[in-house]
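Student: give me coordinates for this.
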Amino acid sequence: MLSSVPTMELSKKVASAEASVTLAIAAKAAELQKKGIDVISLSAGEPDFDTPAFIKQAAIDALNKGITKYTPATGTLAIREAVCRKFKRDQNLTYPPDQIIVSGGAKHSIFNVFFALLNEGDEVLIPAPFWLSYPSMVEYCGGVSIIVPTDESTEFKITPEHLRKCLTPKTKVFVLNSPSNPTGAVYTRAELEALVKVLKEFPRVVILSDEIYEALLFDGRKHESIAALDPEMTARTVIVNGHSKAYAMTGWRLGYAACPNKELAKAIAAFQSHSTSNPTAFAQAGGVVALDQGWEEAKKMCAVYEKRRGMFYDLIAAVPQLVPFKPQGAFYLFVNVKKSGLSSSALTQKLLEEAHVAVVPGEPFGSDAHIRMSFATSEAKLQEAAKRIAAWFKK
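Tutor: Numbers count the residues shown, from 1 in each chain. A predicted model of the protein is given here:
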């Protein structure tokens, strides 16, 4: 006779955890495709380009040289120096290599930063719509997410007045994501300078600047980092970036955090040494080449995204029930669906099951009035997806 097995008690921090919605929808789409259903997926935030050949070759060469062992937990000196060169070249920001922490993707870097900064009850100010993983990370690290809604009236950007009202003595971190996932909104230099004036009134607040979509800007825009605007902001901002979006390297899992001081860098380094050790050794070799030589390829990919944006925006805007926001960066359309009469989740489910187009509901991003559509796929697929969506609404 088998003895009864006691119920395993989970940690309170993970007991209510849910998987990433974007990954779950991508998996559901793949499941339908295996059944022979032709599903067009506009869900995952992943470039459809291959990693440039010269970057792959650098990793292959590293493997052939036997670079398959542990590296320093914070990444090799070579890749940290490459990150320093990138910041000096692109933002005129100077960091020593020991203030750069290379991790297993920008997502990993952001989690590290929250873990190193937050104590129980610390507040993290997050403008909505937001990348859906921010609040979960904050919760895991003991913090409290304070969500600040924005909408089309401000191009989904937080205003100085709204920021001032929401900052409190408990605020520890202000999250800034430009270009934005999911909206594609981009802050101008003037808009950032206005936010800086408010932030100076709250010197305790650390700015976490998520700049993973830095290379994907449209209409001649130039990326502005809040850390580069003012010496005080440089000293209070942690910049997180990575290789995934700019160089089509999502599966390589390379991201990095530029810390404003050695104390924070040491804390993150210590934590990472006990959690994941180092980023993959041979991937780092490819990462160095990407940072030093990949910018031209990134610009070519961005030009393709910009062309797709214009075409796809026009097609979706022609559907009476959908009102897309025209993104200034990244590769998403954030589409208002109020006229459909459905919630974002209900509409997402119907489009997947009946129109066979996979999109992402806006609810996990902080707005149930919207859905997110990625245009990181071919023009032919975007045209077919728009055709199916329009036909579904007519039917």
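Student: now the strands: where do they sit in the stretch 51-200 of the chain?
Tutor: Assigned by DSSP state E, counting those that start in this stretch, the stretch 51-200 of the chain shows strands spanning 100-103, 123-128, 144-149, 171-177.
Student: rebuild the ones you listed as a markdown table, extending it with mean pLDDT and mean neighbour count.
Tutor: C-beta here means a position set from N, CA and C on the backbone, and glycine is covered the same way. Putting those into a markdown table (pLDDT from 0 to 100; neighbours: other CB atoms under 10 Å) gives the following:
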| stretch | mean pLDDT | mean neighbour count |
| --- | --- | --- |
| strand 100-103 | 98 | 28 |
| strand 123-128 | 98 | 24 |
| strand 144-149 | 98 | 16 |
| strand 171-177 | 98 | 23 |
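Student: could you redo the ones you listed as JSON lines and give each row distance to residue 300?
Tutor: Below are the strands of the stretch 51-200 of the chain laid out as JSON lines (distance: least, CB to CB, whole Å):
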{"stretch": "strand 100-103", "distance to residue 300": "25"}
{"stretch": "strand 123-128", "distance to residue 300": "31"}
{"stretch": "strand 144-149", "distance to residue 300": "36"}
{"stretch": "strand 171-177", "distance to residue 300": "24"}
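Student: so which of these comes closest to residue 285?
Tutor: strand 100-103 (12.0 Å; CB to CB).
Student: elements contacting the closest one?
Tutor: For strand 100-103, the elements it packs on are helix 77-91, helix 106-117, strand 255-258, helix 262-275, judged by 3 or more CB pairs under 8 Å, 6 or more residues apart in numbering; DSSP states H and E.
Student: most packed of these?
Tutor: Mean neighbour count (mean count of other CB atoms under 10 Å) peaks for strand 255-258 among the helices and strands packed on strand 100-103, with a mean of 27.
Student: distance from that one to the middle of the chain?
Tutor: 13 Å (CA atoms, centre = their mean, to the nearest Å).
Student: give me the sheet partners of that strand and which way each runs.
Tutor: Next to strand 255-258 in the sheet, as set by DSSP bridges, lie strand 100-103 (antiparallel), strand 237-242 (antiparallel).
Student: which of the ones you listed sits closest to residue 146?
Tutor: From the strands paired with strand 255-258, taking CB to CB, the stretch that ends up closest is strand 237-242, at 18.4 Å.
Student: which intervals of the stretch 1-150 of the chain have sub-threshold pLDDT?
Tutor: For the stretch 1-150 of the chain, the stretches with pLDDT under 70 are 1-5.
Student: same thing but 80
Tutor: 1-7, 13-24, 26 (pLDDT under 80).
Student: and if you look at the stretch 151-300 of the chain?
Tutor: Applying pLDDT under 80 to the stretch 151-300 of the chain flags no residue at all.
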